[in-house]
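[1] Below are the sequence and a predicted model for it; my questions follow.
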Amino acid sequence: MSQSLSSSSHSGGIAAPVAIPIRALVPWAVFTVVLSLLLLYFVGAEQGATSLISGHAVHEYVHDGRHLLGFPCH
Amino acid sequence: MAGRLLTRGMIAGVAAAFVAFLFARIFGESQINLAIAFESAKNLAAGEPPEPELASRTVQASFGLLTAAVMYGAAYGGIFATVFAFAYGRIGRFSPRALSALLAVAAFVVFVLVPDLKYPPNPPAVGMPETINLRTESYFGMILLSICAAAAAFMTGRPLIRRLGQWNGTLAAMGVFIALIAAAQAGMPDMNEVPTDFPATVLWRFREAALGMQIVLWATIGLLFGPLAAPILNEQADRTGSAMEKM
């Protein structure tokens, strides 16, 4: 394994893919997924079925995007 | 390292959102305007007052659409990079560029195509306000079911590939995904809220534009993220390689 890794990376050929250790990934993955879901919530559902901010300003602002990206609207 | 990779995913998503915005602006907005004209004409005929404008049509069709696209692109770019980070080096021996392109196709099918086949995007004037809760739950539920079906197909894929070989095993796993989706979609409630006199061409063109926007978005993410991720991954591989040599 170590031989194939070093030889491929030094010869300039296609490096064999080296997996990122799960433990290094998990905290970042959780952070990214939570942030992403929050963003998707505000584009896709805020002031539609549920509402954290009162009024319709958010809904109206992203209105066209919400329709075209496929989220239920009105 | 993982953080840099996920940041680059979001960057790819935002860049893709700009391209998707241009597409939607050209092909989507014209259909939205036609749908709104239909809605206003109907309201006028019914003697209802026009809806108050909180954001002008100009703002909705420019900065509003761009903001929505960028938020959506950043979100899915991040999720995409997360899936990529787990898959790289674990599924096959794909180069970063090949894996990125392949995963983008899979992500498009799972996150967009499958939910849209059951609950297609609708232009303004389609959809009753009273059913917004049911429609929102069903739509997000369908995305969740699609992700579950993909996960189940992936997990059955490993033993299937071991038994049937790479090609046939992959095809069998795809068959599992299709069967699960067919069952899930048959079980989910149907929505039919298109007004009977709504122009069919506008509906079709709108849905074409919506799907096109997603194809542009995911194609850009898939093609852009690979080259962005490759330097980080090769750097890491070099470091691991030289560390092993010293041992």
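    Yes, it's here.
[2] so what's B:Leu145 closest to, chain neighbours aside?
    The shortest distance from B:Leu145 to any non-neighbouring residue, by C-beta to C-beta, 6 or more residues apart in numbering or on different chains, is to B:Ala184 (4.5 Å). Backbone N, C-alpha and C define where each C-beta goes, glycine included.
[3] how close does that neighbour get to chain A?
    17 Å (C-beta to the nearest C-beta, to the nearest Å).
[4] isn't that residue right next to B:Leu144, touching?
    No. Using C-beta atoms under 8 Å, B:Ala184 makes no contact with B:Leu144, being 9.8 Å away.
[5] Now do the helix or strand where the residue nearest to B:Leu145 lies: which elements does it pack against?
    Under the criterion of DSSP states H and E, B:Ala184 resides in helix B:166-187. Under the contact definition 3 or more C-beta pairs under 8 Å, 6 or more residues apart in numbering or on different chains; DSSP states H and E, helix B:166-187 sits against helix B:114-118, helix B:132-164.
[6] Of all residues in chain A, which one is closest to chain B?
    The nearest approach of chain A to chain B comes at A:Gly65, 2.3 Å away (C-beta to the nearest C-beta).
[7] tell me the contacts of that residue?
    Listed by C-beta atoms under 8 Å, 6 or more residues apart in numbering or on different chains, the contact partners of A:Gly65 are A:Val43, B:Ala24, B:Gly64, B:Leu65, B:Thr67, B:Ala68, B:Ala69, B:Tyr72.
[8] coming back round to it: centre of the chain to the helix or strand following the helix holding B:Ala184, how far?
    Downstream of helix B:166-187, the next assigned helix or strand under DSSP H and E is helix B:200-246. Distance of helix B:200-246 from its chain centroid, counting by C-alpha atoms, centre = their mean, to the nearest Å, is 12 Å.
[9] same check, this time on stretch B:196-214
    Counting by C-alpha atoms, centre = their mean, stretch B:196-214 comes out at 17 Å from the chain centroid.
[10] next one: stretch B:65-72
    Taking C-alpha atoms, centre = their mean, one finds stretch B:65-72 lying 13 Å from the centre of the chain it belongs to.
[11] how about it as PDB, C-alpha atoms only?
    The C-alpha trace of stretch B:65-72 is given here as PDB (Å, rounded to 0.1, in the frame of the first residue of the first chain):
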ATOM      1  CA  LEU B  65     -33.800  35.300  -7.700                       C
ATOM      2  CA  LEU B  66     -30.100  35.600  -7.400                       C
ATOM      3  CA  THR B  67     -30.200  35.600  -3.600                       C
ATOM      4  CA  ALA B  68     -32.300  32.400  -3.600                       C
ATOM      5  CA  ALA B  69     -30.100  30.700  -6.100                       C
ATOM      6  CA  VAL B  70     -26.900  31.600  -4.200                       C
ATOM      7  CA  MET B  71     -28.300  30.400  -0.900                       C
ATOM      8  CA  TYR B  72     -29.500  27.200  -2.500                       C
END
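[12] hmm, who's touching that stretch?
    The list of residues contacting stretch B:65-72 from outside it, by C-beta under 8 Å, 6+ apart, reads A:39-40, A:42-44, A:61-62, A:64-66, A:68-69, B:14, B:17-18, B:20-21, B:24-25, B:29, B:213, B:217.
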